[in-house]
Structures are given as C-alpha cells and as structure tokens.
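In: would you be able to build a 3D model of this:
(4 chains)
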2 protein chains.
Amino acid sequence: MTTTRLHRPTHRDAFELVGSAFENGRLLTMFGRCEVHYDGRAASTLGPGQRLVIYKPDGTALVHTAENREPVNWQPPGSTHNASVRDGQLQIRSTRSNPTEQLDVLFERVETVSAYAVTDRSDLKLTGSEEDLRQWILNQPEVIEKGFHPIATERQTKAGPIDIFGEDTAGQPVVIELKRRRVGPSAASQLQRYVEAITTELSNPATRGILVAPSITDRAASLLDKWEFEYRSVEIE
Amino acid sequence: MTTTRLHRPTHRDAFELVGSAFENGRLLTMFGRCEVHYDGRAASTLGPGQRLVIYKPDGTALVHTAENREPVNWQPPGSTHNASVRDGQLQIRSTRSNPTEQLDVLFERVETVSAYAVTDRSDLKLTGSEEDLRQWILNQPEVIEKGFHPIATERQTKAGPIDIFGEDTAGQPVVIELKRRRVGPSAASQLQRYVEAITTELSNPATRGILVAPSITDRAASLLDKWEFEYRSVEIE
DNA sequence: CGTGCCAGGTGCCCT
DNA sequence: AGGGCACTTGGCACG
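Out: A predicted model of the protein is given here:
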C-alpha cells in the first residue's frame, strides 16, 4: 500500500498514522488548524490557523500557508520528528542539534493526514546556471576579447576562488567574475577582492578585472569605474 | 465543504477537481508520478518520478521530492495555473510574465488530489532578527563603546543605507554594520563601501567603521584589519 | 516598477 | 565541521 489517508481523524488515530509514517520513512502531509512555535537560530510564534504541514523522511518539516513560495515555518533536513497527544492537541515536535533548534506544531484539529511511500525518483537536469555560462565562455574565449586565453577555473587565491583566470594578448593576468543575472555592488566588491589578491600574489599591478553579467546597476558600474575594471555584457543563452 | 479529496482518480476526474480548485481559490495538493519541465530564468527537466505538488491560490506552485527543504521545481506567487488532459496525461501549466517563465507538470498517474479551503489564518511573530539586534544596541549604545552616540538608522549614502550611523566621544563619525550571524568577507566589503561613502560625503578621513556580529571568519578579520575597521562581538539575545 | 539587502536563508563543493 | 558562494534565490522596504 503506497498511500494511507485519514479524513478528520481523532487525535489518537492521527497519532498512530503519523508515528508509523515517521518509522517507515513515509512522506507525510497534514492539513488542519494548528499553532506553531519555533526556537533556535531565532524564535517565532504562529497563532492558530489552517496550514499545510509536510514531514519528509529526511527530517525536513515544512509549514505552508496559502501564500508565498516559502514555508512560514520549517525545520531543515536531518531533524527528527516526534508525535504526542496532550491537552487535547496533537503535538509534533521536530528537533535537531548544531545548531540546536526545535519546531512544535500543535494541531487543534486535523482535517486530513496522508502518508505516501516514495520509491520512484529521478534527478533534475538544469541548464542556464553560472556553470553553463562558464563553459560557454571557455568554448568561445573571444566573447571576452580577441586573444583572451583562459588558464584556470576556480583558481584559488587568498581571497577565495576566481571564476575564470587567464591572460590577455599582452600576457597580463585577467580575473573574470561571472554572474548569471543583473549584478549590484557586491559583485563588484567580490571582483575587487580577487584582483587585489592576484595583484599581490603575482606582484603585478597590471592585473585586469572583468565582470561578466547580463546587466549591471549604476552603483556597480561606478565601482568598476573607480577600480578601473571592465564589464562585458553577456546574455544567458 | 472545506476539503475535497480524490484517490486514484481518472485524469478526467482529477482535471475537474483541479480546475474548480483553481477557480475557487483552494489550496491544492497532488501526489503522483509525473515529469516536470521548467523554462524561464533557467531551464530544467525532471524525469518521471513520484512527487508532491502544491498549488496555492496566490499562484505559487511547488514540486517537492522526499528530500530537502527546497522544492525541486517551482513557480513564484503571481503565476496562473491551467489544467488540461492530453496524450493520456494530466498536464498542469503554471505561467507568469516579467520574467516570462512557465512550469509544466505532467502527471502520468495521480495517486491523490486534495483541495482545501483556507479561511482561518494569523501572522508570524519572529524575534532575533537583525532589526531586534539594532533595537537592542540603540537601547544600550555602550555595548559599542562608552560614549557612543547613535544619530540615525538606515542613513542613506551613495553606497546604500547604513545600519547605524553615529558619533564617538571625540565627535568623529562612526559607521556600524550589523549582522545577526557569523560573517565573511562580503560584510567587511559592505562596511568598507559605506565608510568610504561617508568619508567622501563628509570629507572626514577619520570616519570609523565597526562591524557588529556574533563572530567573524579569518578572511573577514584581515579585511577589517587592512582597512583599520573594528569588530565588536555581540551575542544575539 | 528597479535597487539594495536581510534571511532561522538553503544547498553545493571544497578544504 | 567550517568557509566561501551560487541560487529560477525569496521577500521586504524604500526611492
């Protein structure tokens, strides 16, 4: 049996199903009126209301309202779930350590519980990431400039890894920072840290910095300007 | 009736329920074997497998597997959902514009569909945010240093808004950047941009920069060192 | 609307 | 385990 469902169960019945779902590694969804208390990295309280609550076999807990992509409360993977019935409420506590945090969902009334056995899966293939942008540039270095020669990706520096490190026709070092979408000041600062690290490491003040992105804000542009860095507009394919 | 459920429905029956759920602003959950295609800011394909799919009345779509907090695929709020039956599959397409993107979920088999009417709600109260940290410091400026005098929060500069702007006992300007958790190089750079903006604006090279956070990485510390900025360790309460 | 930035960010990879 | 960073980041507040 791959699916077990209860409609308007007693707390005791819901408790039984929830407990066995946790034991057997089922994916669990619950809908009902509940309040939620979180304490850990921050602390929060969510007053009574109807929510969709999801418990995953990997320890994830999600509390969803009718709005937004983000759960209003959650617990990350690696947590352990525990159900109990007390004071006329079905309480489900999700706990983890490092950092220590716990999520309590207290159901006043459970409308629906469903437990699913998830066996069949396959992985996501995604294109259009920064990694794809990098491959595209490595295959056609001339989109940076004529004669640009890539030497390494993820080249390590004291300031962190450079997306693409290379040389121009004059043999001068070139530091390239890639972004798959419109960038602001932080990307310019990031490039600056890398260029400075390379400049110091190679003792070569002629090191160039190039920011590659589909577009750029005014503030980012003036930062590049100040540091005499360059910008290449590259549309994501 | 607040909840409608179908177990192993025909595509036609599922289509009817899904369509009316979209029309009536219901919260919808579906579990079944499906494949997913996304095209928009990036592009992705998810091969056949069992997933939990959620459609919210605000236009959100979420495709969850049995692992992780994040949906494997999704569509943000503001999208519109549309169901159809074709080629023996139940297709649900979620579309939005600006940016243009679309998500197709193709159910080969629907195990369960549930539509919930969500009427009862209340809002989240959260404590321990950066805003709380700011208020805590404004109430006790001496945690920064004896005689520190806050003048403004969110003070605007050419580089962006300063968390707390103030003066020390010598009357010198002080720029404070707050972080609620351990910080890396980007926070140091952020502080640097603000201090430079203030230094320029006030023509006062004695402007001080202070980073306030529970802890700090080595790289961030050496950046602060280089720029002669200071660091105050403040535990979140 | 775009710009900028926080988030209980999450997830991935690397050391 | 910690560091650094990308992410279809999402969400908010402000100009």
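In: the helix or strand harbouring residue A:85 and DNA strand C, are they touching?
Out: Using DSSP states H and E, residue A:85 falls within strand A:80-86. No: for strand A:80-86, no contact with DNA strand C is found by C-beta under 7 Å from any atom of the strand; the gap never falls below 13.1 Å. Quick note: C-beta positions are derived from backbone N, CA and C, even for glycine.
In: that strand: what's the following helix or strand?
Out: That would be, after strand A:80-86 and using DSSP H and E, strand A:89-96.
In: pairing partners for that following strand, with directions?
Out: Taking DSSP bridges as the criterion, strand A:89-96 forms sheet pairs with strand A:80-86 (antiparallel), strand A:101-116 (antiparallel).
In: buried stuff in the longest one?
Out: Spelled out, it's strand A:101-116. For strand A:101-116, a neighbour-count test (16 or more other C-beta atoms under 10 Å in any protein chain shown) marks A:101-107, A:109-116 as buried.
In: between those residues, which sits nearest DNA strand D?
Out: Checking the buried residues of strand A:101-116 against DNA strand D by C-beta to the nearest atom of the strand gives residue A:101 as the nearest, at 14.0 Å.
In: so what's that closest one bridging to?
Out: Per DSSP bridges, the residues bridged to residue A:101 are residue A:96.
In: wait, doesn't it sit right on residue A:41?
Out: Yes: using C-beta atoms under 8 Å, residue A:101 is in contact with residue A:41, at 6.0 Å.
In: flag the shaky bits of chain A, pLDDT-wise.
Out: A:1, A:237 (pLDDT under 70).
In: pretty sure residue A:193 contacts residue A:162?
Out: No: the pair residue A:193 / residue A:162 is not scored as a contact, 10.1 Å apart, by C-beta under 8 Å.
In: can you tell if stretch A:193-203 touches chain B?
Out: Yes: contact of stretch A:193-203 with chain B (C-beta under 8 Å from any C-beta of the partner chain) involves residue A:193.
In: could you check how far the residue of chain A positioned farthest from its centre is from residue A:204?
Out: Farthest-out residue of chain A from its mean C-alpha position, per C-alpha atoms, centre = their mean: residue A:170, at 40.1 Å. Per C-beta to C-beta, to the nearest Å, residue A:170 is found 11 Å from residue A:204.
In: list the buried residues in the strand holding residue A:85.
Out: For strand A:80-86, using 16+ other C-beta under 10 Å, the buried residues are A:81, A:83.
In: how about the CA coordinates for it, as PDB?
Out: Output in PDB follows, covering the C-alpha atoms of strand A:80-86 (Å, rounded to 0.1, in the frame of the first residue of the first chain):
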ATOM      1  CA  THR A  80      13.900  14.100  13.900                       C
ATOM      2  CA  HIS A  81      10.100  14.200  14.300                       C
ATOM      3  CA  ASN A  82       8.200  13.000  17.300                       C
ATOM      4  CA  ALA A  83       4.400  13.000  17.800                       C
ATOM      5  CA  SER A  84       2.400  13.000  21.000                       C
ATOM      6  CA  VAL A  85      -1.100  13.700  22.200                       C
ATOM      7  CA  ARG A  86      -1.500  16.100  25.100                       C
END
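In: helix or strand right after the longest helix anywhere in chain A?
Out: If you go by DSSP state H, chain A has its longest helix at helix A:185-202. Sequence-wise, the next helix or strand downstream of helix A:185-202 (DSSP H and E) is strand A:208-213.
In: so that next one versus helix A:185-202, what angle?
Out: 150 degrees (axes from the mean of the first three to the mean of the last three C-alpha atoms, to 10 degrees).
In: is any residue of strand A:208-213 near DNA strand C?
Out: No: shown here: strand A:208-213 not in contact with DNA strand C (C-beta under 7 Å from any atom of the strand), separated by at least 11.6 Å.
In: can you show me the CA trace of the next helix or strand after that strand as PDB?
Out: Once strand A:208-213 ends, the next helix or strand along the chain (criterion: DSSP H and E) is helix A:218-227. Output in PDB follows, covering the C-alpha atoms of helix A:218-227 (Å, rounded to 0.1, in the frame of the first residue of the first chain):
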ATOM      1  CA  ASP A 218      24.600  52.200 -11.700                       C
ATOM      2  CA  ARG A 219      26.300  51.700  -8.400                       C
ATOM      3  CA  ALA A 220      28.100  48.600  -9.500                       C
ATOM      4  CA  ALA A 221      29.200  50.400 -12.700                       C
ATOM      5  CA  SER A 222      30.700  53.300 -10.800                       C
ATOM      6  CA  LEU A 223      32.600  50.900  -8.500                       C
ATOM      7  CA  LEU A 224      34.000  49.100 -11.600                       C
ATOM      8  CA  ASP A 225      34.900  52.600 -12.900                       C
ATOM      9  CA  LYS A 226      36.700  53.600  -9.700                       C
ATOM     10  CA  TRP A 227      38.800  50.500  -9.700                       C
END
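In: which residues touch helix A:218-227?
Out: The contact list for helix A:218-227 (C-beta atoms under 8 Å, 6 or more residues apart in numbering or on different chains) reads A:183-185, A:187-189, A:191-192, A:195, A:209, A:211, A:216, A:230-231, B:158-160, B:193.
In: could you do stretch A:190-204 as well?
Out: Contact partners of stretch A:190-204, identified using C-beta under 8 Å, 6+ apart, comprise A:157-160, A:162, A:165, A:172-173, A:175, A:177, A:205, A:207-211, A:223-224, A:227, A:229, B:185-186, B:189, B:223.
In: same question for stretch A:155-165.
Out: A:130, A:134, A:137-138, A:150-154, A:173-178, A:193-194, A:196-198, A:200-201, B:185, B:219.
In: any buried residues in it, and which?
Out: A:157, A:159, A:162-165.
In: quick check: the farthest pair among those?
Out: A:159 and A:164 (15.3 Å; C-beta to C-beta).
In: ramachandran angles for the residue lying closest to residue A:167 once chain neighbours are set aside?
Out: With sequence-adjacent residues excluded and distances taken as C-beta to C-beta, 6 or more residues apart in numbering or on different chains, residue A:167 is closest to residue A:149, at 4.9 Å. Phi and psi for residue A:149, reported as degrees, to the nearest 10, are phi -120, psi 110.
In: give me every residue in chain A lying close to DNA strand C.
Out: Contact residues, chain A versus DNA strand C (C-beta under 7 Å from any atom of the strand): A:38, A:40-42, A:44, A:60, A:73-77, A:101, A:103, A:154, A:182, A:184-186, A:217-220.
In: who's in contact with residue A:50?
Out: A:31-34, A:111, B:116, B:118-121.
In: filter the residues you listed down to just the buried residues.
Out: A:31-32, A:34, A:111, B:116, B:118.
In: just give me the closest of those to DNA strand C.
Out: Distances from DNA strand C to the buried ones among the contacts of residue A:50, taken by C-beta to the nearest atom of the strand, are shortest for residue A:34, at 13.5 Å.
In: direction included, what does the one helix or strand that closest one maps to pair up with?
Out: Here residue A:34, judged by DSSP H and E, is contained in strand A:27-39. Strand A:27-39 has the following sheet partners, assigned by DSSP bridges: strand A:43-55 (antiparallel), strand A:101-116 (antiparallel).
In: chain A against DNA strand D: which residues are in contact?
Out: So chain A meets DNA strand D at A:68-70, A:98, A:124, A:126, A:128-131, A:159-161, A:163, A:177, A:179-181, A:190, A:193 (C-beta under 7 Å from any atom of the strand).
In: walk me through the domains of chain A.
Out: Chain A breaks down by automatic domain parsing into domains covering A:3-116, A:130-233.
In: that concludes my questions; thank you for your assistance.
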